[in-house]
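**Q** Sequence first, predicted coordinates after that:
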Amino acid sequence: MEKTEQNQEKNYNQQTQSQEWSEKTNDILSKVRQKTPLIQCITNYVSMDLAANTLLAVGASPAMLHALEEIPDFTPQIDALYINVGTLSSTVLQAMKVAAELAVDLGKPWIFDPVAAGCSGFRLRACLDLLLLKPTVVRGNGSEIIALSRASLGDTKGADSVHESMDAIEAAKSLAQATGAIVAVTGAVDIVTDGKQVIGANNGVQMMQKITATGCSVTALIAAFVAVDPTHPIEAAAAALSVFGIAGELGMKDAKGPASLRVNLIDSLHGLDQVSILQHAKITPLS
Ligand SMILES: Nc1ncnc2c1ncn2[C@@H]1O[C@H](COP(=O)(O)OP(=O)(O)O)[C@@H](O)[C@H]1O
Ligand SMILES: Cc1ncsc1CCOP(=O)(O)O
Ligand SMILES: [Mg+2]
């Protein structure tokens, strides 16, 4: 086969795969709207409002319950658990561990956001302990995933990343291999890996970094997507990342800055339809 023919075939295959991913994304969002999964969120105080509104906007039910005493009654009722260490304390860490253990015992997925993992010894140890409890998906920014993969304190700026997501691909792969979790890294390009294949989701706008808790909220969205498709967590995670990014792109059209984008993001998520997803989703295998 000649080189031009090979290139044409490669382009055709890439377009077909991309189209299949867009359709999958639309299917999983439709399932979330039909099944309205209940998501228990043990998350930081900064993110509670945006993460809960993100879940409601796509049809899921958020419940921000984090008291240790409530876990035995409540966690058996949920479809997925979301744990985020953003405003960690030893009290809430205990609740996180008990809830994660119970979720695993009950066969329910749990999704982990290791905010600022490489920032302090207390936080790093807590994240490494939580990883031992077998999360289904871990989603962080580049600096967080690199710190976890090396199991060491590292270059980071609190909750913000000092690394590009693409610089964390190898770290994400080795973290996925070491833990058995699907690992997602957000940034200009979002990536998702099971340790072997790497999927890229290329939606979103830079201004999303200027709204606190967009990372936390997209991890909550991943929890809702995994809740309705628990046997395909890599697809669910890529779809959630793309959906959140598309909502950001649409919301940016008449936003004046981060505050109006925050409002528009929720409106766009709520109004997202099949046409917009098929037109805007940019998910492609990177390897
Ligand atoms: N440069 C960028 N271009 C487009 N989207 C971005 C960019 N940076 C972050 N995002 C999006 O913003 C959201 C939050 O990601 P990120 O800022 O990496 O997380 P965190 O808040 O945990 O650091 C994600 O949906 C991500 O895709
Ligand atoms: C600013 C801040 N401080 C502790 S948690 C938190 C929110 C972090 O949210 P995100 O990781 O989504 O930017
Ligand atoms: Mg974060």
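**A** Noted; the coordinates are in hand. Residues are numbered from 1 along each chain as shown. Ligands and ions are numbered 1, 2, ... in the order given.

**Q** Which single residue of the stretch 101-250 of the chain ends up nearest ligand 3?
**A** Gly215 (3.1 Å; Cβ to the ion). Backbone N, C-alpha and C define where each C-beta goes, glycine included.

**Q** Surely that residue is within a helix?
**A** Yes: counting by DSSP: H, G, I helix; E, B strand; the rest coil, Gly215 falls inside a helix.

**Q** Can you give me every residue that contacts it?
**A** Asp113, Val115, Arg139, Gly140, Asn141, Ala159, Thr186 (Cβ atoms under 8 Å, 6 or more residues apart in numbering).

**Q** bridging residues for the last one?
**A** Right, Thr186. Beta bridges link Thr186 to Asn141 when assigned by DSSP bridges.

**Q** Now do the strands in the stretch 101-250 of the chain.
**A** Shown for the stretch 101-250 of the chain, the strands assigned by DSSP state E, counting those that start in this stretch span residues 110-113, 137-141, 182-186, 190-193, 198-201.

**Q** Any figure for the gap between the residue of the stretch 151-287 of the chain found nearest ligand 2 and Asp254?
**A** Ligand 2 sits closest to Gly215 of the stretch 151-287 of the chain, with a gap of 3.0 Å, by Cβ to the nearest ligand atom. Using Cβ to Cβ, to the nearest Å, Gly215 is found at 24 Å from Asp254.

**Q** same deal with Asn44?
**A** In terms of Cβ to Cβ, Asn44 sits 30 Å off from Asp254.

**Q** now swap in Asp194 and tell me
**A** 38 Å.

**Q** State whether Ala223 and Ile83 are indeed in contact, as I suppose.
**A** No: contact criterion Cβ atoms under 8 Å: Ala223 and Ile83 do not qualify, at 9.2 Å.

**Q** ok, those two, which is more surrounded?
**A** Set Ala223 next to Ile83 and count neighbours by other Cβ atoms under 10 Å: Ala223 wins out with 34 against 27.

**Q** Quick one: list the elements packing against the helix or strand of the chain with the lowest mean pLDDT.
**A** For the chain, the helix or strand with the lowest mean confidence is helix 3-35, at a mean of 89 (criterion: mean pLDDT, DSSP states H and E). Applying 3 or more Cβ pairs under 8 Å, 6 or more residues apart in numbering; DSSP states H and E, we find helix 3-35 packed against helix 214-228, helix 233-252, helix 274-280, strand 283-285.
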